[in-house]
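Asks: got a predicted model here, sequence first, then my questions.
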Amino acid sequence: MDLLEYIELVFTDYTLRTITMGTAVLGAICGMLGSFAVLRKQSLLGDAISHAALPGIAIAFLIIETKSNSIFLLGALISGLVGTFWIRGITRKTHLKSDTALGLILSLFFGFGMLLLTYIQKIPNAHQAGLANYLFGQAATLMEADVWLMTVVTGISLIVLLLFWKELKLLLFDSDYTKTLGFNVQFLDILITSFIVIAIVLGLQTVGVVLMSAMLLAPAAAARQWTNSLGIMVILAAIIGASSGIVGTAISASQNNLSTGPVIVLVAATFVLFSFIFSPKRGLLFREIRFRKNRNDLELHKTLSFMYNIAKTHKNISHPHAIKILNNFQGFSKRSLKELADKDYIQLKRNTWSMTEAGFNTASNLYDQLTNQNQ
Amino acid sequence: MSNAQIEIQLIAILVAIACALPGTFLVLRKMALITDAISHSILPGIVVGFFITQDLSSPLLIFLAALTGVLTVVLVEFIQKTGLVKEDTAIGLVFPALFSIGVIMIAKNANDVHLDIDAVLLGELAFAPFDRFIYNDLDLGPKSLWVIGIILLVTITLLITFFKELKLSTFDAGLAAALGLSPVVLHYGLMTVASITTVGAFDAVGAILVIALMIAPAATAYLLTNDLKKMLLLAATFGVVCALSGYWIAHWLDISISGAMTTTLGILFLLVYLFAKNKGLFSVLYRQKRQRLEVSLLTFLLHLQNHKDDATERHVKHLNEHINWQKVQSKSVLRLALQNNMIQINNDIISLTEKGEHFAEEAINYIMTNKNAEIENMKNRFFLFRG
């Protein structure tokens, strides 16, 4: 299947369209809210919450005894919130650290959820099939109504984000200052955490309990590499999230036996890897290039100042010297000499070098700057 | 009890102890979440190992999977060192990616692999006795019993040999490094043990419940003691108790054994979290309330001392306005002060007794000389009743 054909199929095929829309919207909301989670150093809270949501789904099923996505989401939301507040309780009231609290809630809730799931499997009830889909997500079960729900929630969270934009931004970067300005920090904290929980719960059906945290983190971590502005980061993260959703759906639709959730996560991870390496300001590649360039500059300057020290002992600064006398100095190489010549700091003639006026001035300034700094 | 039941319980006990020991150190070193990462990301290692050996308890598979676990730690640390993202984000990025690769590998080869996702998450302790270790037609018991038994033996040997070093580097990494203990070796040693234990336990309890067995007993024990040896013992005991009770609950309700084990761990943690002496939620809340009341009392006595000559400031009715207290709080502060003979009330005017004056003077002395900690001792000397 080639690309054009696939794009045409997305617009004509109901199921594919719904899934693509669903994963795109999900990616967008996760990217948006995930930016806050990443910046607040709550990255793994998403992991804990998504696992903690499982017993909620199971209990919701036990109560209504039939399959209803919206009720399941409500159950997941409640148990996710219970988990979140218990984590806060543990870290605030005891000396256990946040990593322990997260790991505890994650595994204990998940274990309890699994216990309920195996219990449900024993009940003779035709509707129970599909509950296990929440573990890894099953994008194929998305309905148009689910996509609408996601869109509405995304809209609401966008409005709330815009309404509380400056407060949330302030809270993010300087919570003590926010407190002294008289904002209700606890309210803001709970507000943003609740929205993160909502985003996670929305994604459970598509990506599943186990991989949901990556959906939240990866777009935000990728976006973070390209900008230092919160607004741009949130928008970028939303775009990256949506693209991972669309591309992931396309890849998994074009192959057999590929569940959508893991593929989307891998696509998002690829985005992160790309950003880590190629982002111009923070990326590893450009950082390495900058390091090299700085190191070369330093060596060049060292050579130049060494030459300056020799040249200044002569009346005529352009007096030629043998290259040999540089030999007991480590910093020079043929290439660096040529580079110095290219910059017109020195002139090379066969086995000798002589300093130019420009080179002499630059070198003496180098020296001045150093002594000025020392004083 | 049938033979199989005894074997299952034996495996459960060994898994619980083998997890609790490294878990204690991970909790103390604030690295609990690395178990989360390891337990997920060993999946691709297990799948590759399974392709090669077709046997879930072969040593090669365990080696490959443990290698993936250590690789995860290295990868997380590498990403963290670049400074591009924080440590928690690095963990959160690495393990879902590796886990996804594992899931996709299983899904793509679903027909050839006898390894399904449910087993990965939950493990199947109930089937463990069927995979037996047979040597020269001699039945030597279930394979997983041997695997986890050997892992536990190695863990305990390492623990006893390097106990001093581990203890030192856990509580004072700087001193340990200064004394010449390599932090890197200890760190990766612990990570390797944790990885191998995770893989060994994986077979029995599954990817996510390994985390529960590592963290929950240690965290519960940490709420009860500050002594490392006691903590290790308590954690192991909690693990064993929950493993056994979990098994019987599962047996009784016919549900997943590992799910029931985790749930009992959860209930145990909840109980300790609520009721632990000194560190439990209720005792913390009680202590905070008492502290608040006693600080209020101190403020109140200082206020009285300040206004020795001004009777209007010391009128009972004026308490609310002057110190800005709620009515209920003023009442309990007054009662506490009266109980301790700090004040006397004549015609609704409050004045300090001799003891009260003495107390206030000493307190203000300590506050001015910045020895606030002394006030706690002073309370013991003066108070007949605590807040």
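Replies: Great, that's in hand.
Asks: is chain A within reach of the helix or strand encompassing B:Phe50?
Replies: Assigned by DSSP states H and E, B:Phe50 falls within helix B:32-53. Yes. Residues of helix B:32-53 contacting chain A under CB under 8 Å from any CB of the partner chain: B:Ala32, B:Leu33, B:Thr35, B:Asp36, B:His40. To be clear about C-beta, it is placed using only N, CA and C from the backbone, and glycine gets the same treatment.
Asks: phi, psi for A:Ile346 please.
Replies: phi -140, psi 170 (degrees, to the nearest 10).
Asks: and what of the one 5 residues further on?
Replies: Backbone torsions for A:Asn351, taken as degrees, to the nearest 10, come to phi -100, psi 10.
Asks: that one contacts A:Ile323, correct?
Replies: Yes. A:Asn351 lies in contact with A:Ile323 (CB atoms under 8 Å); the separation is 5.5 Å.
Asks: B:Ala360: which element?
Replies: Per DSSP H and E, B:Ala360 falls inside helix B:354-368.
Asks: same check, this time on A:Gly182
Replies: Using DSSP H and E, A:Gly182 sits within no helix or strand.
Asks: tell me, how many residues neighbour the residue lying closest to A:Leu39 once chain neighbours are set aside?
Replies: Spatially, and ignoring its direct neighbours in sequence, A:Leu39 is nearest to A:Leu172 (5.3 Å; CB to CB, 6 or more residues apart in numbering or on different chains). Counted with other CB atoms under 10 Å in any protein chain shown, residues neighbouring A:Leu172 total 16.
Asks: the one helix or strand A:Leu172 maps to - what's its average pLDDT?
Replies: Following DSSP H and E, one finds A:Leu172 within helix A:165-173. For helix A:165-173, mean pLDDT is 90.
Asks: with just CA atoms, put it into PDB.
Replies: Output in PDB follows, covering the C-alpha atoms of helix A:165-173 (Å, rounded to 0.1, in the frame of the first residue of the first chain):
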ATOM      1  CA  TRP A 165      -1.800  30.400  31.900                       C
ATOM      2  CA  LYS A 166       0.300  32.900  33.800                       C
ATOM      3  CA  GLU A 167      -0.500  31.400  37.200                       C
ATOM      4  CA  LEU A 168       0.400  27.900  36.100                       C
ATOM      5  CA  LYS A 169       3.600  29.300  34.400                       C
ATOM      6  CA  LEU A 170       4.600  31.000  37.600                       C
ATOM      7  CA  LEU A 171       3.800  27.900  39.700                       C
ATOM      8  CA  LEU A 172       6.000  25.900  37.300                       C
ATOM      9  CA  PHE A 173       9.100  28.000  37.600                       C
END
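Asks: what does it rub up against?
Replies: For helix A:165-173, contacts defined as CB atoms under 8 Å, 6 or more residues apart in numbering or on different chains pick out A:36, A:39-40, A:161, A:177-178, A:181, A:183, A:185, A:188-189, A:191-192, A:230.
Asks: out of these, flag the one nearest to chain B.
Replies: A:Leu39 (9.2 Å; CB to the nearest CB).
Asks: can I see the domain layout of chain A?
Replies: According to automatic domain parsing, chain A comprises the domains A:3-279, A:286-374.
Asks: any part of stretch A:218-231 near chain B?
Replies: Yes. Using CB under 8 Å from any CB, stretch A:218-231 reaches chain B at A:Ala218, A:Ala221, A:Arg224, A:Gln225.
Asks: show the contacting residues for B:Leu84.
Replies: For B:Leu84, the contact set (CB under 8 Å, 6+ apart) comprises A:Ala221, A:Arg224, A:Gln225, A:Phe276, A:Arg282, A:Leu284.
Asks: in what helix or strand does it lie?
Replies: For B:Leu84, there is no enclosing helix or strand under DSSP H and E.
Asks: assign the spatially most central residue of chain B to helix, strand or coil.
Replies: Taking CA atoms, centre = their mean, the centroid of chain B lies closest to B:Ala219, which sits 2.1 Å from it. Three-state call for B:Ala219 (DSSP: H, G, I helix; E, B strand; the rest coil): helix.
Asks: since we're on the closest residue in space to it that isn't next to it in sequence, how many residues are nearby?
Replies: Leaving aside its chain neighbours, B:Ala219 sits nearest to A:Thr100 (5.0 Å; criterion: CB to CB, 6+ apart). Counted with other CB under 10 Å, the neighbours of A:Thr100 add up to 27.
Asks: hmm, B:Pro217 and A:Thr100 touching each other?
Replies: No. Here A:Thr100 lies out of contact with B:Pro217, judged by CB under 8 Å, at a distance of 11.7 Å.
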